[in-house]
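> sequence and predicted structure, then a few things I'm wondering about:
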Amino acid sequence: MNDTTFEKHYRVGELATQWGLGRETIRKLVKNEIGVVKLRAGKKQSNTTYSVPESVARRIHTRLLNAA
């Protein structure tokens, strides 16, 4: 796995806007993806913020394009 520490990181809302998809769709795409940083505030899963490194976002987007 590559070191993604200094890559640009995206939030769910940013990717939703860029890709023209809903926030919930993006959340489902990234929540179990390797390399995504999960920041949980409290015990509830609904309080989780996802930080997606650029390389991971590219991987997901490429997978979506190839599925079409």
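Sure, I can see it.

> kindly list the longest helix within the protein.
Using DSSP state H, we find that the single longest helix of the chain is helix 54-67.

> now do that one, average pLDDT.
This predicted structure assigns helix 54-67 an average pLDDT of 94.

> now it: buried residues?
By neighbour count with 16 or more other C-beta atoms under 10 Å, helix 54-67 contains the buried residues Val56, Ala57, Ile60. For glycine as for every other residue, the C-beta is placed from the backbone atoms N, C-alpha and C.

> what is that helix packed up against?
strand 9-10, helix 12-19, helix 23-30 (3 or more C-beta pairs under 8 Å, 6 or more residues apart in numbering; DSSP states H and E).

> now do the last one: everything it contacts.
Helix 23-30 is contacted by residues Val12, Gly13, Leu15, Ala16, Trp19, Val36, Tyr50, Val52, Val56, Ile60, Leu64 when judged by C-beta atoms under 8 Å, 6 or more residues apart in numbering.

> mind redoing it with 6 Å?
The contact list for helix 23-30 (C-beta atoms under 6 Å, 6 or more residues apart in numbering) reads Val12, Gly13, Leu15, Ala16, Val36, Tyr50, Val52, Ile60.

> from those residues, list the buried ones, please.
Val12, Leu15, Ala16, Val36, Tyr50, Val52, Ile60.

> in these, find the pair that's most separated.
Spatial extent of the buried ones among the contacts of helix 23-30 (C-beta to C-beta) is set by the pair Ala16 and Val36 at 14.7 Å.

> count the residues that sit near Ile26.
For Ile26, the count of nearby residues is 24 (other C-beta atoms under 10 Å).

> how much space between it and Asp3?
From Ile26 across to Asp3, the span is 24 Å (C-beta to C-beta, to the nearest Å).

> same thing with Lys43?
According to C-beta to C-beta, Lys43 and Asp3 sit 30 Å apart.

> and for Ala67?
Distance from Ala67 to Asp3, by C-beta to C-beta: 28 Å.
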